[in-house]
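K.L.:
Model the structure of this input:
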Amino acid sequence: MGTAANDSDILKWLSIANRYTRIALDRRLQPYRLNASMYYYILRLHEQPRMTQDKLISLTYLNPSNVTRAVNQLVNLGYVRKRQSKNDRRVYELSLTKKGERIYPEIVKLRQAVADALLVDVPVADHDALVAQIQQLALRAVANETPSSAE
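P.N.:
Numbers count the residues shown, from 1 in each chain. Modelled structure (predicted):
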């Protein structure tokens with residue numbers, strides 16, 4: 001176990017990495033009128049067309065109102081279509097429009113460019129292990145802040 005000073009460093013460095021990665025994504029996404037908070041939905045909806053908004057919320061670990069706001073922006077930009085489910089009128093299904101499908105490959109490329117720049121000094125053989133460790137940290141942070149973990 002590290003010292004208290006070392007323990008707080010992880011919070012500092014995760015915050016810095018997140019902030020500057022978002023800045024890099026925002027800059028590259030600007031021509032599409034997107035930002036780092038919105039591109040993820042295009043990736044997921046390409047993979048799973050007709051996904052419900054509830055399912056999208058569960059994938060993001062975000063507040064439902066944040067997801068709703070981002071989805072509505074994507075609808076307004078013409079990238080996403082939102083339709084009431086034929087089976088359940090309370091449920092909305094989301095899918096990419098033709099415009100959304102057209103930008104998908106560009107989003108994938110620019111996301112990879114940001115990731116490659118971030119990992120440039122990390123040996124390729126270590127990438128998967130690093131991502132797995134960061135994922136575990138993130139999931140532990142989510143679990144620690146989920147109401148059921150407080151009981």
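K.L.:
need the longest helix for this protein.
P.N.:
Using DSSP state H, we find that the single longest helix of the chain is helix 4-29.
K.L.:
which SS class is the most centrally placed residue in the chain?
P.N.:
Nearest to the geometric centre of the chain sits residue 40, at 4.2 Å (CA atoms, centre = their mean). Under the three-state scheme (DSSP: H, G, I helix; E, B strand; the rest coil), residue 40 adopts helix.
K.L.:
for residue 122, phi and psi?
P.N.:
The phi and psi values for residue 122, taken as degrees, to the nearest 10, are phi -100, psi 130.
K.L.:
Find the nearest non-adjacent residue to it, please.
P.N.:
Leaving aside its chain neighbours, residue 122 sits nearest to residue 130 (6.2 Å; criterion: CB to CB, 6 or more residues apart in numbering). (Glycine included, C-beta is placed from N, CA and C.)
K.L.:
where's that neighbour, which helix or strand?
P.N.:
Taking DSSP states H and E as the criterion, residue 130 maps to helix 127-145.
K.L.:
For the residue nearest to residue 39 when sequence neighbours are not counted, which residues are in contact?
P.N.:
Excluding its sequence neighbours, the residue lying closest to residue 39 (CB to CB, 6+ apart) is residue 107, at 5.3 Å. Applying CB atoms under 8 Å, 6 or more residues apart in numbering to residue 107 gives the contacts 29, 32, 34, 39, 42-43.
K.L.:
Which residues are in contact with residue 106?
P.N.:
Counting by CB under 8 Å, 6+ apart, residue 106 has contacts residue 32.
K.L.:
State the three-state secondary structure for it.
P.N.:
Going by three-state DSSP: residue 106 is helix.
K.L.:
what number of residues lie near residue 79?
P.N.:
27 (other CB atoms under 10 Å).
K.L.:
Surely it and residue 103 touch.
P.N.:
Yes. Counting by CB atoms under 8 Å, residue 103 is a contact partner of residue 79 at 6.9 Å.
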